[in-house]
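K.L.:
Pasting a predicted model and its sequence here:
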Amino acid sequence: MSNGISLIPEVPDEIKSAVNNGTLAVFIGAGVSRLVGCEGWDALAKSLVNRCHREGIINYRENDSLSQIPDHKKTITICYHLFHNNHRADLFYEEMNKALKEGADVEASNIYDDIVRLRGLFITTNADTHFDRLFNPPNILYRASDFSKDRLDSTNLYHIHGSVRDRSSLIFTVSAYMQRYTDPAFGRFLGRIFREFTVLFLGYGVAEFEILEFLLKNMPKNKQHFMLSAFYKGEENMLSYEQTYYKELGINILGYEKDAKGYKQLIEVISRWNEDINQVTEYLHNTSRLIDEAVE
């Protein structure tokens, strides 16, 4: 495990082998959605509180108090119930859709085009639909019944916290999280992924680690998994501390430098990884062989 911070971390051999063997699973978090223009949980929580105030659901003092809550998921849950109890649930979803840039133009080609080239099993905890365009509609799964250990297929995209395309599927309140992650079938679904796949986490940070704790509870200790994480040059000690912490959970932290481009550096990392992976796996070799056979 390297303590270095570089613009482009080396691709671990385990990930190269997983791509070659069809056993790479990529978990995609909110940090990736922000790279295509979506707002984070903090911005959504602020927007919801302000909308509650504008609509007269709360007064100025309540607005100020709710804005001070550091747990954004708690704030979002409170706002959901405020809107719902005042028969204004549509306003909650209106703010959510705005935060997730649903219906808005995003760059036609973005980081998702490079992520899908990793040829993994793709699981996202994001509710937006910006990755969906790269999958056939029947293969975009977001309902609880879709998450079965017998339905793992690399042609699918798994929205394990639901999708804005179906409000009833969304997981954002505390009770909904608890129900999802205590569901035995869902546990078996995650358990099989962590047992049989090498996992790469993209777009997750310390603020969202409470979600990862749910995800990691079934992770076998003998498996090696990875998470790309951004640091400033000179924060090697902080990288080392995080590596020590995450190692206990079976995750190796790979630090990339964010001095020049911030979190957008992840776009270059994934693009370069695709080039490196394709050079050393059998993918290009097999493709070339099949082409040669086809033209003979």
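P.N.:
Okay, I see it.

K.L.:
Number of residues surrounding Leu152?
P.N.:
17 (other CB atoms under 10 Å). Quick note: C-beta positions are derived from backbone N, CA and C, even for glycine.

K.L.:
Give me the three-state assignment for Ala18.
P.N.:
Assigned with DSSP: H, G, I helix; E, B strand; the rest coil, Ala18 falls in the helix class.

K.L.:
Share the number of residues neighbouring it, please.
P.N.:
Quick note: Ala18 (other CB under 10 Å) scores 25 neighbours.

K.L.:
And for the one 5 residues further on?
P.N.:
By other CB under 10 Å, 17 other residues sit near Thr23.

K.L.:
Look through this structure and tell me its longest helix.
P.N.:
helix 265-280 (DSSP state H).

K.L.:
helices or strands up against that one?
P.N.:
helix 13-21, helix 111-116, strand 225-231, strand 251-257 (3 or more CB pairs under 8 Å, 6 or more residues apart in numbering; DSSP states H and E).

K.L.:
The ones you listed: which one's closest to Arg133?
P.N.:
helix 111-116 (7.9 Å; CB to CB).

K.L.:
show me where the stretch 51-200 of the chain has helices.
P.N.:
60-67, 72-85, 89-99, 111-116, 174-181, 184-196 (DSSP state H, counting those that start in this stretch).

K.L.:
for the ones you listed, which one ends up most surrounded?
P.N.:
Among those, helix 111-116 has the highest mean neighbour count (mean count of other CB atoms under 10 Å), at a mean of 21.

K.L.:
The nearest residue to Lys73 once chain neighbours are set aside: neighbouring residues, count only.
P.N.:
Counting by CB to CB, 6 or more residues apart in numbering, Trp41 is the residue found nearest to Lys73 once chain neighbours are left out, at 6.6 Å. Residues within reach of Trp41, counting by other CB under 10 Å, total 17.

K.L.:
switch to numbering from 770
P.N.:
Will do, 770 is the new start, and the previous item becomes Trp810.

K.L.:
What pLDDT does the model give Trp810?
P.N.:
For Trp810, the pLDDT comes out at 87.

K.L.:
you'd agree Ser775 is up against Leu1023?
P.N.:
No - taking contacts as CB atoms under 8 Å, Ser775 lies outside contact range of Leu1023: 9.4 Å.

K.L.:
The two: which is more packed in?
P.N.:
Comparing Ser775 with Leu1023 by other CB under 10 Å, the one with more neighbours is Leu1023, at 24 against 13.

K.L.:
Relative to Ser802, which of the helices and strands packed on helix 1034-1049 is closest?
P.N.:
helix 880-885 (9.6 Å).

K.L.:
and that closest one, what does it pack onto?
P.N.:
Packed next to helix 880-885, using 3+ CB pairs under 8 Å, 6+ apart, are helix 799-803, helix 1034-1049.

K.L.:
can you list contacts of it?
P.N.:
795, 797, 801, 804-805, 891, 899-900, 902-903, 971, 1035-1036, 1039-1040, 1043 (CB atoms under 8 Å, 6 or more residues apart in numbering).

K.L.:
follow-up on the earlier one: so can I have JSON lines of the helices and strands packed on helix 1034-1049 showing distance to Leu851 and mean pLDDT?
P.N.:
Below are the helices and strands packed on helix 1034-1049 laid out as JSON lines (distance: least, CB to CB, whole Å; pLDDT from 0 to 100):
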{"stretch": "helix 782-790", "distance to Leu851": "44", "mean pLDDT": "94"}
{"stretch": "helix 880-885", "distance to Leu851": "34", "mean pLDDT": "96"}
{"stretch": "strand 994-1000", "distance to Leu851": "34", "mean pLDDT": "95"}
{"stretch": "strand 1020-1026", "distance to Leu851": "37", "mean pLDDT": "94"}
